[in-house]
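**Q** Mind folding the following:
(one chain, ligands or ions: 2)
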Amino acid sequence: MSAPELLDEYAAPPDQETVVRLQGISKSYGDQVIFDGIDLTVARGEFVALLGPSGTGKTTLLRILGGLEDATSGRATIAERTSVVFQEPRLIAAQRVWRNVVLADRGGAARKRSALAALEEVGLAAKARAWPKTLSGGEAQRVGLARALYRSPELLLLDEPFGALDAFTRRTAQDLVLRLWAEHRPGVLLVTHDIEESLLLADRVIVLGNGRIQADIPIPVARPRDATAVDFNDIKREVLHRLGEVSSHASR
Ligand SMILES: Nc1ncnc2c1ncn2[C@@H]1O[C@H](COP(=O)(O)OP(=O)(O)OP(=O)(O)O)[C@@H](O)[C@H]1O
Ligand SMILES: [Mg+2]
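**A** Residues are numbered from 1 along each chain as shown. Ligands and ions are numbered 1, 2, ... in the order given. Prediction:
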């Protein structure tokens, strides 16, 4: 294997409208190549869904975008204000909800007001002084969203944030994310296993598989959307087809 040339730049993008620009990003763990030569651009205000079989590197890609992991090679230019929401909310049990929103920010009284504003946005102002263990799964996930919003992200990375929620709570959480996105217009990259969810929410669906972006499928359907609408059938067929291709290849 050639020596890795690491050129990751977590600097402000060259133009304000681009929040992600990946050029030839590769990632390996030892001999295991996770992906090789990923190119991806996300504009501010764009909502992108990322689908792909388990183990294809979706979380790894998000961790690289969030600055939590280094790429092995390639060039990554990513918005400075980037927030990540993981599948599990990762709240600190010994800290009240509002402190979980501000985390290490020591900005004085203003930070509490900002935390309360973020909690208000996700409908949890009343829980600001509650302990994490008294929250339901959906509420805890909304605290995770408030924590992300608190940083006024230009890029919001969501790694299966609704995976553990029941169908009704999931719908409510999807509506909330859509509303917050419409209000604040960050670029969003949402990892999901749920095709319906990607069709309901995203402007584009990206299919990751076999170390590459295998498809980039636009969803030119006006919002609010109804996933059962006829317009979706062709797009859904295309996404299923591309996912089927990478899944059958991966299981060979
Ligand atoms: N720190 C690590 N060290 C070694 N291998 C790792 C590490 N993190 C992830 N991997 C491997 O990288 C591959 C991709 O993992 P990743 O978690 O990104 O997949 P994923 O697409 O998010 O899967 P899922 O849909 O199950 O969440 C897996 O084979 C995993 O075992
Ligand atoms: Mg994952």
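**Q** Quick one: low-confidence residue ranges for the stretch 1-150 of the chain.
**A** For the stretch 1-150 of the chain, residues meeting the criterion pLDDT under 70 lie at 1-16, 107.
**Q** can you rerun that using 50?
**A** 1-14 (pLDDT under 50).
**Q** Helices of that one, residue ranges please.
**A** 58-65, 97-102, 109-121, 137-150 (DSSP state H, counting those that start in this stretch).
**Q** Show me where the stretch 51-200 of the chain has its strands.
**A** 73-78, 82-85, 155-159, 187-191 (DSSP state E, counting those that start in this stretch).
**Q** Check the burial of the nearest residue to Arg129 once chain neighbours are set aside by counting its neighbours.
**A** Closest residue to Arg129 apart from its sequence neighbours, by C-beta to C-beta, 6 or more residues apart in numbering: Arg96 at 5.3 Å. In short, each C-beta sits where N, CA and C put it, glycine included. Look at Arg96: counted by other C-beta atoms under 10 Å, it has 16 neighbours.
**Q** And the one 4 residues further on, by the same measure?
**A** With neighbours defined by other C-beta under 10 Å, the count for Asn100 comes to 26.
**Q** and Gly211, backbone torsions?
**A** phi 80, psi 10 (degrees, to the nearest 10).
**Q** where's it relative to ligand 2, distance?
**A** Remark: distance between Gly211 and ligand 2 (C-beta to the ion, to the nearest Å) = 15 Å.
**Q** was I right about that residue contacting Asp36?
**A** Yes: counting by C-beta atoms under 8 Å, Asp36 is a contact partner of Gly211 at 4.6 Å.
**Q** Once you drop chain neighbours, what's closest to Gly74?
**A** Ile25 (3.6 Å).
**Q** List the contacts of the one you found.
**A** Phe35, Gly37, Ile38, Asp39, Leu40, Leu61, Ile64, Ala71, Ser73, Gly74, Arg75, Ala76 (C-beta atoms under 8 Å, 6 or more residues apart in numbering).
**Q** which residues touch the first one?
**A** Taking C-beta under 8 Å, 6+ apart as the definition of contact, the neighbours of Phe35 are Ile25, Ser26, Lys27, Thr56, Gly57, Thr60, Leu61, Leu208, Gly211, Arg212.
**Q** got a pLDDT number for the closest residue to it other than its chain neighbours?
**A** With C-beta to C-beta, 6+ apart as the criterion, Phe35 has its nearest non-adjacent residue at 4.3 Å, and that residue is Gly211. pLDDT for Gly211: 92.
**Q** change the start of the numbering to 238 and stick with it
**A** Fine by me, first position is 238 from now on; the one you just mentioned is Gly448.
**Q** which ones are touching Gly448?
**A** Val270, Ile271, Phe272, Asp273, Gly274, Thr293, Gly294.
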